[in-house]
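Sharing a sequence plus its predicted fold:
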Amino acid sequence: MNNPGYLRRGAWLLGAVSVGGFTTDYLFNLGLARLLSPHDYGDFKVAFSFALFFGMAVLLGGDRAAPMVLAPSIEQGERRRVGEYLRFYLGNALLLSAVLAAVVWTVSWLHVGSNDPLHHHPLAWVVLVVPLNAAAAMVSRTLQSAQRPALAVLPWRIALPALQLALLSLWAALRGSVRLLEAVAIATLVTALLTAVQWLWVRRLGLVEVAAGRDEGRPGEWLRASLPMMGTFLVALALNQSDVYFLELLGDEVEVGKYAAAATAAHLVLLVQTTVIGLVAPIAKQAIDRGGAEAAATYRRSQGLLVKLALPVALLLVAAADPVLALFGADYRSADAVLRWLTIGYLAWACAAVPNLWLQYQGLPRRVLAVSLTTLVVD
């Protein structure tokens, strides 16, 4: 495989996708913040942060380990093994999602004492998005493992926020306003639609064979690899989302919306990070297995690419924090210092992403987990 050529082509493509995706996502959040009150906007962001976290948790790390397992399987034409991998992790995700939904709805009902959906926090409804997020992650990782980065990321980086904004705007034009639960329903509908479209691409490309048999022994091997990766990722995700949860529990409800606006802008740095890692992950394991000069060269190119893309983005956000937040409305400008600090933190996080990936693929995920847990406790 020509790794330098693959990285160069992918960098141009996914660099454009990162810019376009951030712009589209920013416009979506800008529109949503203007369609909903700051309180409802904050509740929406908290609810979907919850769905994202548990959408990854119920996969038991299957999405994290997917490129390591699926990339060589796809390259060798082992379509049945790909199907078995997807069936195993998605089956577990569906079961765990059902348990989670039962727990959340029981707690919500005990807390509210009513079956009226308007009396429940949207988090109780967004729990239904958890299995959708899990399915979306696995299908996207399959396309990524097949070195189809555009098909893997375009639906979620650009199509998702664009369609959500279009449908929300249409609904507001027809009804005169958008309620919080209506926004949740529209976002859920678009997620389901894009997951189905990506699955059709996977089948059309012939990447998977869904057969009746089961190869015993492999699920245990997969879990031994994926569970430490899941722990590392969930701790990192919890660290990313902990501030908004603490604000929701202990702070002013309006402050949650302001923080969410700053986090949305700063997320451009993390978007660059995930884009580069998505590009590198399918080739990292093969390079590490070959060892020597190829592993070192792939590592240097990957880290250099990430820094070259993330650093200018971070500097721009720090310099333009006030006008960026002013687009959300005058009430959000007071969060400019939050945006600057988040951007600095996200940049440090982004620069650690390639070493993180290398340690995990070299069989040392517990070291990454220990660092992440320590960071979360200190935070």
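Ah, there it is. Numbers count the residues shown, from 1 in each chain.

Report how many residues lie close to the closest residue to residue 327 other than its chain neighbours.
Excluding the flanking residues, the one nearest residue 327 by CB to CB, 6 or more residues apart in numbering is residue 30, at 5.8 Å. No exception for glycine: its C-beta is placed from N, CA and C like everyone else's. Around residue 30 there are 18 other residues, counting by other CB atoms under 10 Å.

From residue 328, how far off is residue 30?
6 Å (CB to CB, to the nearest Å).

Residue 78 too?
Taking CB to CB, one finds residue 78 at 48 Å from residue 328.

For the two, work out which one has more neighbours and name it.
A count of neighbours by other CB under 10 Å puts residue 328 above the other of residue 78 and residue 328, at 25 against 15.

Mind telling me what element the more buried one is part of?
Assigned by DSSP states H and E, residue 328 falls within no helix or strand.

residues near residue 159, how many?
Residue neighbour count, defined by other CB under 10 Å, stands at 16 for residue 159.

Just give the closest residue to it, not the sequence neighbours.
Counting by CB to CB, 6+ apart, residue 159 lies nearest to residue 194, which is 6.0 Å off, once chain neighbours are set aside.

which ones are touching the nearest residue to residue 365 once chain neighbours are set aside?
Among residues not flanking residue 365 along the chain, residue 228 sits closest, at 3.7 Å (CB to CB, 6+ apart). Contacts for residue 228 (CB atoms under 8 Å, 6 or more residues apart in numbering) come out as 61, 360, 365, 366, 369.

Which among these count as buried?
With burial judged by 16 or more other CB atoms under 10 Å, the buried subset of the contacts of residue 228 is 61, 360, 365, 369.

Save those residues as a markdown table, and put in pLDDT and secondary structure too.
Formatted as a markdown table, the buried ones among the contacts of residue 228 follow (pLDDT from 0 to 100; DSSP: H, G, I helix; E, B strand; the rest coil):
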| residue | pLDDT | secondary structure |
| --- | --- | --- |
| 61 | 84 | coil |
| 360 | 80 | helix |
| 365 | 74 | helix |
| 369 | 79 | helix |
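
Grab the two from these that are most spread out in space.
61 and 369 (11.2 Å; CB to CB).

who touches both of these two?
Residues touching both residue 61 and residue 369 by CB under 8 Å, 6+ apart: 228, 231.

which stretches of this structure have low pLDDT?
In the predicted model, the chain carries pLDDT under 70 at residues 1-16, 18, 111-121, 211-217, 240-241, 244-245, 248-249, 251-254.

List the buried residues for the host helix or strand of residue 296?
Assigned by DSSP H and E, residue 296 belongs to helix 292-319. The neighbour-count check on helix 292-319 (16+ other CB under 10 Å) flags 294-295, 298-299, 301-303, 305-307, 309-310, 313-314, 317-318 as buried.

Which elements pack onto the next helix or strand after it?
Counting by DSSP H and E, the next helix or strand C-terminal to helix 292-319 is helix 321-326. Applying 3 or more CB pairs under 8 Å, 6 or more residues apart in numbering; DSSP states H and E, one finds that helix 321-326 contacts helix 253-290, helix 336-351.

In TSV, list these along with distance to residue 374 and mean neighbour count.
As requested, these are exported to TSV (distance: least, CB to CB, whole Å; neighbours: other CB atoms under 10 Å):
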stretch	distance to residue 374	mean neighbour count
helix 253-290	20	22
helix 336-351	14	19
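
got JSON lines for those helices, with distance to residue 169 too?
Compiled in JSON lines, those are given as follows (distance: least, CB to CB, whole Å):
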{"stretch": "helix 253-290", "distance to residue 169": "18"}
{"stretch": "helix 336-351", "distance to residue 169": "26"}
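
looking at those, which is closest to residue 49?
So among these, helix 253-290 is nearest, using CB to CB, at 8.9 Å.

how big is the angle separating that closest one from helix 292-319?
Relative orientation of helix 253-290 versus helix 292-319 (axes from the mean of the first three to the mean of the last three CA atoms, to 10 degrees): 160 degrees.

excluding its backbone neighbours, what's nearest the residue positioned nearest the centre of the chain?
Closest to where the C-alpha atoms of the chain average out (CA atoms, centre = their mean) is residue 52, at 6.7 Å. Distances taken as CB to CB, 6+ apart place residue 133 nearest to residue 52, at 6.1 Å, with adjacent residues excluded.

Could you verify my assumption that that neighbour touches residue 188?
No. The criterion here is CB atoms under 8 Å, and residue 133 misses it with residue 188 at 10.0 Å.

outside of stretch 291-299, which residues touch it?
For stretch 291-299, the surrounding residues in contact (CB under 8 Å, 6+ apart) are 3, 280, 283, 284, 287, 288, 354, 358.

sorry, back to before: for the helices and strands packed on helix 321-326, which one sits closest to residue 378?
In terms of CB to CB, the element of these nearest to residue 378 is helix 336-351, at 12.6 Å.

quick check: angle from that closest one to helix 253-290?
Going by the same axes, to 10 degrees, helix 336-351 makes 10 degrees with helix 253-290.

all numbers from here: first residue = 44
Sure, I'll start counting at 44 from here, so that last one is helix 379-394.

CA-only coordinates of helix 379-394 in PDB, if you can.
Written as PDB, here are the backbone C-alpha positions of helix 379-394 (Å, rounded to 0.1, in the frame of the first residue of the first chain):
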ATOM      1  CA  ASP A 379     -15.700  34.100  24.600                       C
ATOM      2  CA  ALA A 380     -13.300  33.200  27.300                       C
ATOM      3  CA  VAL A 381     -14.800  29.700  27.500                       C
ATOM      4  CA  LEU A 382     -14.200  29.300  23.800                       C
ATOM      5  CA  ARG A 383     -10.600  30.300  24.100                       C
ATOM      6  CA  TRP A 384      -9.900  27.900  26.900                       C
ATOM      7  CA  LEU A 385     -11.700  25.000  25.300                       C
ATOM      8  CA  THR A 386      -9.800  25.600  22.100                       C
ATOM      9  CA  ILE A 387      -6.500  25.400  23.900                       C
ATOM     10  CA  GLY A 388      -7.500  22.300  25.700                       C
ATOM     11  CA  TYR A 389      -8.900  20.600  22.500                       C
ATOM     12  CA  LEU A 390      -5.600  21.400  20.700                       C
ATOM     13  CA  ALA A 391      -3.600  19.600  23.300                       C
ATOM     14  CA  TRP A 392      -6.000  16.700  23.200                       C
ATOM     15  CA  ALA A 393      -5.800  16.600  19.400                       C
ATOM     16  CA  CYS A 394      -2.000  16.500  19.400                       C
END
